[in-house]
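Participant: here is a sequence together with a model predicted from it:
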Amino acid sequence: MTTPDHRPTDPDQLLIQVHAGRRDLERALDGISDEELMLPGMTGAWSGKDTLVHIARWDEFVANVVRHDRRDGTLYAGGYEVVIETYLEQNEIWAEEDRDVPLIEVRDRFAGAHAEVLTALDELPASEWDGEVVAWVNALIEHYPEHTPLILEWRARRAKASNP
């Protein structure tokens, strides 16, 4: 089954896409040193560290959505009301909150948040894959490929600069 915009709604198909997107993202990140992760400009002004913690935040949020962290029909993440239309504002709030998180903690959160969202999705009964869950899982599916080409472009620019 798919939505009118041709995005899948079937849990198995959604999980396949989550895994594929994350695999490509991790391949793009493979081999980047801690020193390189601290350099600005990986994705826009953000460093690699900023990018990893940003992705972790959204994985954590989707895990919360899947686990039905809802009150009065409103989704909350870390105490903030979040709707998909305000994601850029939420990104800025989280970026400021996470600015001083040490890289080792960011790396742990990046891996742990992904494991958390996969566990939440695996534990969710098929009967509870409602439109809201499907929409947020599709947002997650779209999120990894947003960053993957930016990381690959950053790597290419760095390689070109070091081998003129």
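Facilitator: Alright, I've got the coordinates. Numbers count the residues shown, from 1 in each chain.

Participant: every contact and neighbour count from this point should use C-alpha atoms.
Facilitator: Will do.

Participant: out of everything not next to it in sequence, what's closest to Leu152?
Facilitator: Nearest residue to Leu152, sequence neighbours excluded (C-alpha to C-alpha, 6 or more residues apart in numbering): Ala28, at 5.9 Å.

Participant: could you report the neighbour count for that neighbour?
Facilitator: Ala28 has 18 neighbours, counted by other C-alpha atoms under 10 Å.

Participant: I'd say it and Pro145 touch.
Facilitator: No: Ala28 is beyond contact range of Pro145, at 10.4 Å (criterion: C-alpha atoms under 8 Å).

Participant: now do the longest helix along the chain: which elements does it pack against?
Facilitator: In the chain, assigned by DSSP state H, the helix with the most residues is helix 131-162. For helix 131-162, the elements it packs on are helix 11-29, helix 48-66, judged by 3 or more C-alpha pairs under 8 Å, 6 or more residues apart in numbering; DSSP states H and E.

Participant: next structured bit after the first one?
Facilitator: When you say that, I think you mean helix 11-29. helix 34-37 (DSSP states H and E).

Participant: list the buried ones in that following helix?
Facilitator: Under the neighbour-count criterion of 16 or more other C-alpha atoms under 10 Å, helix 34-37 has Leu37 buried.

Participant: mind giving me the packing neighbours of it?
Facilitator: On a contact count with 3+ C-alpha pairs under 8 Å, 6+ apart, helix 34-37 meets helix 48-66.

Participant: C-alpha coordinates for the helix it packs on, CSV please?
Facilitator: The C-alpha coordinates for helix 48-66 follow below in CSV (Å, rounded to 0.1, in the frame of the first residue of the first chain):
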residue,chain,number,x,y,z
GLY,A,48,30.1,16.6,11.0
LYS,A,49,29.5,16.5,14.8
ASP,A,50,26.6,18.9,14.4
THR,A,51,25.2,16.8,11.6
LEU,A,52,25.4,13.6,13.5
VAL,A,53,23.7,15.0,16.6
HIS,A,54,21.0,16.5,14.4
ILE,A,55,20.3,13.2,12.8
ALA,A,56,20.3,11.5,16.2
ARG,A,57,17.7,14.1,17.5
TRP,A,58,15.3,13.3,14.7
ASP,A,59,15.8,9.5,15.2
GLU,A,60,15.0,10.0,18.9
PHE,A,61,12.0,12.1,18.0
VAL,A,62,10.6,9.5,15.6
ALA,A,63,11.1,6.8,18.2
ASN,A,64,9.1,8.9,20.6
VAL,A,65,6.3,9.4,18.1
VAL,A,66,6.2,5.7,17.4
